[in-house]
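# Take a look and give me a structure for this.
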Amino acid sequence: MSKQEFLDELRRMLNRELEADEVADHIRYYSEYIENAMRQGKTEEQVISELGDPRMIARTILDVDQQREEQAGYIRREDNTVYTESEDGTYHEDGEYGNPGGFHSRHFSVQTSGFKVWLVIILILVVLIAVLGTVFTILWRLLPFLLIAAGAVWIYRFLTGKR
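From the prediction side, this is the model:
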């Protein structure tokens, strides 16, 4: 098998489930790997033989990609349907990956925990009210002194003629 045949087979296998830019990254990596090994004195056939079957490499890449997706809270099945993890740990159908062009959603939804979102909003409001209450309390207590100081400045400027 030649380098070009190897890369074509790998590309064909990866195009089924990955976006075009991800496929291009993997193809670029293996192309550079083969070229570097050949610069070090190996033949093209030796390098391809050491790498093994491009279908197995593609399967490994796709398995790693699926594990990464599962850790991120969603999975992609063999039929390219995407399932997003719900709060209760179950998965629901969310869309599919198409070829080419990546993810095509059947619907758009943001999965958030209502309780957590409201708790954060309430905490922010409580902190904001506490800070504003403290500022206004300090200003309210300082108001008589500020009024007296402003009056004294006004009287001083009136008496001295500085306006």
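
# Can I get the strand or helix carrying L7 in CSV, CA atoms only?
Element membership for L7, per DSSP states H and E: helix 3-15. This file holds the C-alpha atoms of helix 3-15, laid out as CSV (Å, rounded to 0.1, in the frame of the first residue of the first chain):
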residue,chain,number,x,y,z
LYS,A,3,1.3,6.6,1.2
GLN,A,4,-1.5,8.0,-0.9
GLU,A,5,-3.6,4.9,-0.7
PHE,A,6,-3.1,4.8,3.1
LEU,A,7,-4.2,8.5,3.5
ASP,A,8,-7.1,8.0,1.1
GLU,A,9,-8.4,5.0,3.0
LEU,A,10,-8.0,6.9,6.4
ARG,A,11,-9.8,9.9,5.0
ARG,A,12,-12.6,7.8,3.7
MET,A,13,-13.1,6.2,7.0
LEU,A,14,-12.9,9.4,9.0
ASN,A,15,-15.2,11.4,6.7
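
# Which strands or helices does the helix or strand following that helix pack on?
Next helix or strand after helix 3-15 toward the C-terminus (DSSP H and E): helix 20-39. The contact analysis (3 or more C-beta pairs under 8 Å, 6 or more residues apart in numbering; DSSP states H and E) places helix 20-39 against helix 3-15, helix 44-51, helix 54-71. No exception for glycine: its C-beta is placed from N, CA and C like everyone else's.

# ok, 7 Å please
Helix 20-39 is packed against helix 3-15, helix 44-51, with contacts defined by 3 or more C-beta pairs under 7 Å, 6 or more residues apart in numbering; DSSP states H and E.

# which parts of that helix are buried?
Of the residues in helix 20-39, 23, 26-27, 30, 34, 37 count as buried by neighbour count, 16 or more other C-beta atoms under 10 Å.

# Over to stretch 123-138?
Within stretch 123-138, no residue is scored as buried using 16+ other C-beta under 10 Å.

# export it as PDB, just CAs?
Extracted in PDB, the C-alpha atoms of stretch 123-138 (Å, rounded to 0.1, in the frame of the first residue of the first chain):
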ATOM      1  CA  LEU A 123     -27.500  34.900  45.200                       C
ATOM      2  CA  ILE A 124     -26.300  37.600  42.800                       C
ATOM      3  CA  LEU A 125     -29.400  39.700  43.600                       C
ATOM      4  CA  VAL A 126     -28.900  39.300  47.300                       C
ATOM      5  CA  VAL A 127     -25.200  40.300  47.100                       C
ATOM      6  CA  LEU A 128     -26.200  43.300  44.900                       C
ATOM      7  CA  ILE A 129     -28.900  44.400  47.300                       C
ATOM      8  CA  ALA A 130     -26.600  44.000  50.300                       C
ATOM      9  CA  VAL A 131     -23.800  46.100  48.700                       C
ATOM     10  CA  LEU A 132     -26.300  48.800  47.600                       C
ATOM     11  CA  GLY A 133     -28.000  48.800  51.000                       C
ATOM     12  CA  THR A 134     -24.600  49.300  52.700                       C
ATOM     13  CA  VAL A 135     -23.600  52.100  50.400                       C
ATOM     14  CA  PHE A 136     -27.000  53.900  50.800                       C
ATOM     15  CA  THR A 137     -26.900  53.400  54.600                       C
ATOM     16  CA  ILE A 138     -23.500  55.000  54.800                       C
END
